[in-house]
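Q: one predicted model, sequence on top.
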Amino acid sequence: MTRRSALGLAAAGLAATVLAAPAPAQARSTRSMRSTRSTGIAAKLPAPTGPHRIGTVSTRLVDTSRRDPWVKSVPYRELMISIWYPAAERPGGAGHRLAPYMTPGAAKAWNATAPHGIPQDAIDFAAMRTHAREGAPADTSGGRRPVLLYAAGANDPRTWGTSVVEELASHGYAVVTIDHTYEAPGVQFPDGSVKGDAPLLKAFEEAQRNDAVPALLKRVLDIRVADSKFVLDRLGSLPHGLSGVVDQQRVGMLGQSAGGIAAAETMYEDDRVKAGLNMDGTLENNPEPNGTNLTPVARHGLTGPFLLMGRQGSDRTTEPSWRAFWSHTSGWKRNLTLRGSMHQTYTDLAALLPQAGVDRKIIEENLGTVDPSRAVAAERAYARSFFDRWLRERDDHLLDGPSGRYPEMEFAG
């Protein structure tokens, strides 16, 4: 099992990071010196289904109120975010090229990990193109847009949920994706510098030696929540005129694995987040979830609407922290299970791994037995239905109960 496979193996999210030791420093150094050129294919993401064209811009944010929590010599916290939004109609998107899936520096670092069953150099992540046009003007005809924050899983880049992000943007949302610096494998900044995950990996090694993993997992979650709150603070000063597009009174958050944990905890701590979605992230700070070291949101629950989406075998009856969260939550709640799925089925892996030239066994080890295209369609449909219901007052009743359109989704509550 590769380190990257272990990182994403379980719904433990943050805790999954400790299931395998980091790669030796010499091996990581050798990988980092490899050429940024790839012999892999430029895989394709499924097209979004909404009526809107999509634009995207990326920007660097600097929080001068706190030092970097991983590198104490840095007197500020800096993040990279991308904003995805409905774009104005322009024939052919003249003057605005399709945005790459990853920058070259981030793609090089991500490819070096052989992410989640994708063989190294099988996919050229930098050559991949999204369906969004860089810097396209925003569509302002519909008024201000509800805004969503998207958080990826532990050690995953902000791009690892682009399929669902594009889908939501194509249906009228502005979506902000966040890279957590020194946690993602490689975060490339506008000056070309790439900041990797070595500080986090070193911290995990120390925590394992000192039997202090739960404390470190809490620290990681606290940093993610602080990053998310800072991004919320900056919604009124987004570049490209987008601060005038987003509706700060209609804010939601979603994420996969550790990103789902961060969505729940941020919503608990910050009432600006009105609705949240957790895709297969446990709500406790343990290497192996057992109902102890629960996060505050699991201990106290939420009063606002929240959706839990789990893999096969993980729901509110089997996952101890979800059971605690469920019993303490007085707000609207649902728990869905994607039949035949695995932890990474809720990421772009479902769209990309079948294109990587791997055999069926590898696909099932990482995605389960569910048809990957059906998994993508179901994830998108239920995410959109949830946020439409609570941020736009549009109820398609998909969340009322099982649907013949998506038999892959079962309701656990």
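A: Thanks, I have the structure now.
Q: ranges for the helices of the stretch 251-400 of the chain?
A: Assigned by DSSP state H, counting those that start in this stretch, the helices in the stretch 251-400 of the chain fall at 258-269, 296-300, 320-328, 349-352, 360-367, 372-391.
Q: now the shortest one: mean pLDDT?
A: Average pLDDT, helix 349-352: 97.
Q: what's in contact with that helix?
A: Contact partners of helix 349-352, identified using CB atoms under 8 Å, 6 or more residues apart in numbering, comprise 43-46, 115-118, 123, 160, 163, 344, 366-367, 372-373, 375-376, 379. C-beta coordinates here come from the backbone N, C-alpha and C atoms, glycine included.
Q: on that earlier part again, of all the helices of the stretch 251-400 of the chain, which one is nearest Arg209?
A: Set against Arg209 and scored by CB to CB, the helices of the stretch 251-400 of the chain come closest in helix 258-269, at 22.2 Å.
Q: picking up where we left off before, hey, which of the helices of the stretch 251-400 of the chain is tucked in deepest?
A: Counting by mean count of other CB atoms under 10 Å, helix 258-269 has the highest mean neighbour count of those, with a mean of 29.
Q: that one packs against which elements?
A: The contact analysis (3 or more CB pairs under 8 Å, 6 or more residues apart in numbering; DSSP states H and E) places helix 258-269 against strand 145-151, helix 213-233, strand 246-256, strand 275-279, helix 296-300.
Q: grab the most central residue of the protein for me.
A: Compute the mean C-alpha point of the chain, and by CA atoms, centre = their mean the closest residue is Ala152, 2.2 Å away.
Q: count the residues that sit near the closest residue to that residue other than its chain neighbours.
A: Closest residue in space to Ala152, ignoring its immediate chain neighbours: Trp160 at 4.6 Å, by CB to CB, 6 or more residues apart in numbering. Using other CB atoms under 10 Å, Trp160 has 29 neighbouring residues.
Q: wait, Trp160 sits on Asp348?
A: Yes - with contact defined as CB atoms under 8 Å, Trp160 reaches Asp348; the gap is 5.5 Å.
Q: identify the residues contacting the closest residue in space to Ser327 that isn't next to it in sequence.
A: Once flanking residues are discounted, Ser327 sits nearest to Gly301: 7.4 Å by CB to CB, 6+ apart. Gly301 makes contact with Phe325, Trp326, Ser327, His328, Thr329, Ser330, Gly331 under the criterion CB under 8 Å, 6+ apart.
Q: out of those residues, which two sit at the greatest distance?
A: Ser327 and Gly331 (12.9 Å).
Q: ok, Asp247 touching Gly172?
A: No - applying CB under 8 Å, one finds Asp247 not in contact with Gly172, separated by 10.9 Å.
Q: of those two, which one has the most company?
A: Higher neighbour count among Asp247 and Gly172: Gly172, with 20 against 15, using other CB under 10 Å.
Q: just say helix, strand or coil for that one.
A: With DSSP: H, G, I helix; E, B strand; the rest coil as the basis, Gly172 sits in coil.
Q: gap between it and Ser141?
A: Distance of Gly172 to Ser141, given as CB to CB, to the nearest Å: 11 Å.
Q: with Gly244 instead?
A: According to CB to CB, Gly244 and Ser141 sit 13 Å apart.
Q: and these two? Which one has more around it.
A: Gly244 (11 against 8).
Q: ok, the more buried one - contacts?
A: By CB under 8 Å, 6+ apart, the contact list for Gly244 reads Thr140, Arg144.
Q: isn't Leu307 right up against Arg334?
A: Yes - the criterion here is CB under 8 Å, and Leu307 meets it with Arg334 at 5.2 Å.
Q: which neighbours do those two share?
A: Shared contacts of Leu307 and Arg334 (CB under 8 Å, 6+ apart): Phe386, Leu399.
Q: where in this structure is pLDDT low?
A: 1-38, 90-95 (pLDDT under 70).
Q: who are the contact partners of Arg53?
A: Residues in contact with Arg53 (CB under 8 Å, 6+ apart) are Pro86, Ala87, Ala88, Glu89, Arg90, Gly93, Arg133, Ala136, Asp139, Ser170.
Q: how many residues are close by the last one?
A: Ser170 sits with 23 neighbouring residues when counted by other CB under 10 Å.
Q: again with the second one
A: Here the count is done by other CB under 10 Å, and Ala87 has 22 residues near it.
Q: got a list of what it touches?
A: Shown in contact with Ala87 (CB under 8 Å, 6+ apart): His52, Arg53, Ile54, Gly55, Gly93, Ala132, Arg133, Ala136, Pro137, Ala138, Asp139.
Q: please redo it, this time with the cut-off set to 10 Å
A: For Ala87, the contacting residues are 52-56, 93, 96, 132-133, 135-139, 169-170, by CB atoms under 10 Å, 6 or more residues apart in numbering.
Q: how about it: what's its closest non-neighbour residue?
A: Gly55 is the one closest to Ala87 (CB to CB, 6+ apart), at 3.5 Å.
Q: the helix or strand harbouring Lys195 - contacts with which helices or strands?
A: Using DSSP states H and E, Lys195 sits in strand 194-196. Packing partners of strand 194-196 (3 or more CB pairs under 10 Å, 6 or more residues apart in numbering; DSSP states H and E): helix 25-32, helix 104-112, strand 186-188.
Q: beyond the second one, next helix or strand please.
A: Proceeding N to C from helix 104-112, the next assigned helix or strand is strand 129-134, under DSSP H and E.
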